[in-house]
Structure formats: C-alpha cells, structure tokens
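1. Predicted model and sequence below, questions to follow.
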Amino acid sequence: MLIWEMPKLNTLEDEYKRISMLLAIHCAPVLAGVKAANMMTVTRADFSCIKGLLKNTGISCCFRGEREKQGIVYLYRESTLDGYVRRAENLSFLREYGYETANLGSMLDGLWDRIRLYREGKSEFPHEIGIFLEYPLLDVQGFVENGGRNYLFAGYWKVYQDAKRAAEKFRQYDRYRQQAVQAVTLGSGILEIVEEYRGNYFWEI
C-alpha cells in the first residue's frame, strides 16, 4: 500500500471515491488487466459499492467469509483466471488439495469451503489460494515446502525462484498502482480507469 495515501482514505467524503481509492491501492493490476485476481477485506456495505463500481468493467467479484461485519471481496478476470488455473501444472498441484474438477466456479467454491474450515479451526490455511491469485506455481510450492520461510524476498508474494523476474513484476504492479491512485485523486472513476488502461491512454509501463 502507498503509505502516503493512507490519510486520504479517512478524509474522502464521497463514499464511491473512498472505495475507488481502496480498489486503486489494492487491485490496480487487476484493473489494468495484467493480473488475473486479487482480494481484500471490506464490509458488506463496501462490497455493494464495489459491485456498482465494477459494472461494465469485465471484472467479476464475490463476497465471502463474512465475520464481524467484514468479509473477503475477491476480484477476478474470469477468462484470464480460468486460463491460468487450467494450466496442466497448476491443475496437478490443485488436485493434491482435493480440487477434482477443472471447472473454475466449482474450484472457487472449494476454495471458499476450505477458507471457512480454516476459520472454524477445522483445517490448515489453504495455501493453494496463491494459484487463484495468479502467483507463480513454484513460489506457491516453495512457500508450502518452507512453511513461509527461506524466501529470496517478499513483495506482492514471497518469492522462491526467479527473483529478477518477480522484482520486475512487482515494480510493474507498483507503477500501475501509482497511476490508478493518481487517477482517482484527480477524479476518475473505476470504469474510466479500466477503459484508460484498455486503450493504453496511461503512460507506457
């Protein structure tokens, strides 16, 4: 998160602009179409606003795991995520965790079930969630095998292989986030930002 932007979240009177800023900070790569999915914690009221902001953007969203007035909002570009999850190596990995179908909707239902069981203290955390966030498979496997330790460095996820490529990806994500935050600050809406990315109106990444 851009620390210097945090105070603005507490002063924005326009609810849609406040939520737009949250989306810009947490989900800019998804808005830009360079990442398949992301998630963040919001209230149900925030989620209702998010659904409206994402209308006609081509980005799907769902709200799961509500507890103490907050839950997880999951944003994803369905075709991109489906293509990533369906890679042979990813499907093979997911089968180890009980995902027996290649149907994206069914797999997401399975993921939410595993998150629910974890929250109820009946299961370990579903680390395969990294695949559903388009993290590299080797990094997800490295995290599981090392218990989250011994990583090369950490950014948007913990990196266990190809540090140079990951660092370049993280810098790209940071630039998209800066662009989206600036656009919201100047008055752009989420649909406008998505269309600007789609039309390559922002500066070259």
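-> Here it is on my side, so go on. All of these numbers come straight from a predicted model, not from anything done at the bench. Numbering: from 1, shown residues only.
2. which element is the residue nearest the centre of the chain on?
-> Computing the C-alpha centroid of the chain and ranking residues by C-alpha atoms, centre = their mean puts N38 first, at 0.7 Å. Using DSSP states H and E, N38 sits in strand 37-43.
3. Now the residue nearest to the centre of the chain: closest residue in space that isn't a chain neighbour?
-> C27 (4.6 Å; C-beta to C-beta, 6 or more residues apart in numbering). The way it works is simple: take the backbone N, C-alpha and C, and place the C-beta from them, glycine included.
4. quick check: angle from the host helix or strand of the one you found to strand 37-43?
-> In the assignment (DSSP H and E), C27 maps to helix 15-32. Using axes from the mean of the first three to the mean of the last three C-alpha atoms, to 10 degrees, the direction of helix 15-32 lies 160 degrees away from that of strand 37-43.
5. circling back to that earlier point, and the residue nearest to the centre of the chain, how close does it get to H26?
-> N38 is 6 Å from H26, where distance means C-beta to C-beta, to the nearest Å.
6. Show me where this protein has its strands.
-> 37-43, 60-67, 70-76, 153-154, 158-159 (DSSP state E).
7. among these, which gets the worst mean confidence?
-> Mean pLDDT values for the strands of the chain show the minimum at strand 60-67, a mean of 90.
8. Tell me what angle that one forms with strand 37-43.
-> Going by the same axes, to 10 degrees, strand 60-67 makes 50 degrees with strand 37-43.
9. tell me which residues in strand 60-67 are buried?
-> Buried residues in strand 60-67, counted by 16 or more other C-beta atoms under 10 Å: 61, 63-65.
10. In PDB, could you pull the C-alpha coordinates for it?
-> Extracted in PDB, the C-alpha atoms of strand 60-67 (Å, rounded to 0.1, in the frame of the first residue of the first chain):
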ATOM      1  CA  SER A  60     -16.100 -10.200 -11.600                       C
ATOM      2  CA  CYS A  61     -16.400 -10.000  -7.900                       C
ATOM      3  CA  CYS A  62     -17.800 -12.000  -5.000                       C
ATOM      4  CA  PHE A  63     -18.000 -11.600  -1.200                       C
ATOM      5  CA  ARG A  64     -17.200 -14.500   1.100                       C
ATOM      6  CA  GLY A  65     -16.400 -15.400   4.700                       C
ATOM      7  CA  GLU A  66     -18.300 -12.600   6.400                       C
ATOM      8  CA  ARG A  67     -17.400 -12.300  10.100                       C
END
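11. The single longest helix found in the chain packs against which elements?
-> Counting residues, the longest helix in the chain under DSSP state H turns out to be helix 163-185. With contacts defined as 3 or more C-beta pairs under 8 Å, 6 or more residues apart in numbering; DSSP states H and E, helix 163-185 has these neighbours: helix 15-32, strand 153-154, helix 190-198.
12. Which among these is found nearest to Q182?
-> Between Q182 and the helices and strands packed on helix 163-185, the tightest spacing by C-beta to C-beta is seen for helix 15-32, at 8.6 Å.
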